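Visitor: compute the structure for the input listed below.
(one chain, ligands or ions: 1)
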Amino acid sequence: MASTKPKPNADLADPAQFTPETGLKPAEYRQVAEALGPVLADSYQLFIKTQGVHWNISGANFFGLHKLTEAQYQDLYAAIDEIAERIRSLGEPAPATYRAYGEMSNIRDEETRTAPMDQVRTLIRDNGTICKTLRAAIKTSDEMNDVVTVDMLTARLARHEQNGWMLRMSASDA
Ligand SMILES: [Fe+2]
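Guide: Numbers count the residues shown, from 1 in each chain. Sure thing, here's the model as predicted:
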């Protein structure tokens, strides 16, 4: 008796190689994915540096800065996954090597075991740097009509502006 199992339709794309049919054109979502690379790289770099300060900070405000940097690196850890998965939703490969992050990041890879106030100043500067990377990526995403990425990145921008404020207040002598 002949099998009644339906044959795969040759006209349908291999699901693993799909092209997203979301209304964005390939040239548009590829540009958005490209703009997300530096956001992912900056987020990874800032994650590592923020965790480094969490470990190595000392001084009068140790406990406050230890807890603040813990909240900030945990938020970054979740954001890294969200940003990478956005790149995948757009059909592009997510960069996942330290070399790629080093090449794409606007945030310097540097020693954070410095004087306590310099550690905090480094994070204040780097939160400002990622804000600029985010604004550039938001501009590109907006120009490509990718409102989902604009929405995600706008929330990230608000978070890094707030991180900068909290670090500045924690570092003040008042
Ligand atoms: Fe910890």
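
Visitor: pLDDT weak spots in this structure?
Guide: When residues are selected by pLDDT under 70, those of the chain lie in 1-3, 13-20, 173-174.

Visitor: contacting residues for the residue nearest to Val150 when sequence neighbours are not counted?
Guide: Leaving aside its chain neighbours, Val150 sits nearest to Ser141 (4.7 Å; criterion: CB to CB, 6 or more residues apart in numbering). For the C-beta atoms, the positions are set from N, CA and C on the backbone; glycine is no exception. Taking CB atoms under 8 Å, 6 or more residues apart in numbering as the criterion, Ser141 is in contact with 32, 35, 149-150, 153.

Visitor: what of Ala171?
Guide: 117, 120-121, 124.

Visitor: what about the helices in this protein?
Guide: 26-56, 62-89, 98-104, 116-143, 147-171 (DSSP state H).

Visitor: most tightly surrounded among those helices?
Guide: Sort those by mean neighbour count, taking mean count of other CB atoms under 10 Å, and helix 26-56 sits at the top with a mean of 21.

Visitor: closest to Asp75 among the contacts of Ala171?
Guide: Nearest to Asp75 out of these is Ile124 (CB to CB; 16.2 Å).

Visitor: what does the residue lying closest to Lys132 once chain neighbours are set aside show for phi and psi?
Guide: Leaving aside its sequence neighbours, Lys132 sits nearest to Asn106 (CB to CB, 6+ apart; 7.2 Å). Phi and psi for Asn106, reported as degrees, to the nearest 10, are phi -90, psi -10.

Visitor: then Asn61?
Guide: Here is the backbone geometry of Asn61 (degrees, to the nearest 10): phi -100, psi 30.

Visitor: isn't it up against Ser170?
Guide: Yes - assessed by CB atoms under 8 Å, Asn61 is found in contact with Ser170 at 6.2 Å.

Visitor: so what's Gln31 up against?
Guide: Gln31 makes contact with 140, 144 under the criterion CB under 8 Å, 6+ apart.
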